[in-house]
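**Q** A structural model of the following input is requested.
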Amino acid sequence: MGALWWMNNAKYESMSSDLKKVVTDGFYALQQALLHLQKENQSKLLKIL
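**A** Down below sits the predicted model:
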């Protein structure tokens, strides 16, 4: 499983520091959610096998 998230660097650089933090925190939260989902699905598959 994989995911791609991207943002235009010029747009990101034009944001205020507060908004940059919101975007950065959001990307981090998406990353953590995906990692958790992968581990959860792997555990379910191992129980089946």
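**Q** least confident secondary structure element in the chain?
**A** Comparing every helix and strand of the chain by mean pLDDT, DSSP states H and E singles out helix 17-48 as the least confident one, with a mean of 85.
**Q** would you mind pulling up the elements that that one packs against?
**A** If you count contacts as 3 or more Cβ pairs under 8 Å, 6 or more residues apart in numbering; DSSP states H and E, helix 17-48 packs onto no helix or strand. All C-beta spots, glycine's among them, are computed from the backbone N, C-alpha and C.
**Q** Leu4 in helix, strand or coil?
**A** At Leu4 the chain is in coil, as set by DSSP: H, G, I helix; E, B strand; the rest coil.
**Q** could you check the pLDDT of it?
**A** Predicted confidence (pLDDT) for Leu4: 75.
**Q** look up how far Gln32 lies from it.
**A** 16 Å (Cβ to Cβ, to the nearest Å).
**Q** between those two, which is the more surrounded one?
**A** Higher neighbour count among Leu4 and Gln32: Gln32, with 10 against 4, using other Cβ atoms under 10 Å.
**Q** give me the element Tyr12 is part of.
**A** Applying DSSP states H and E as the criterion places Tyr12 in helix 9-13.
**Q** hmm, who's touching that helix?
**A** By Cβ atoms under 8 Å, 6 or more residues apart in numbering, the list of residues contacting helix 9-13 from outside reads Lys20, Val23.
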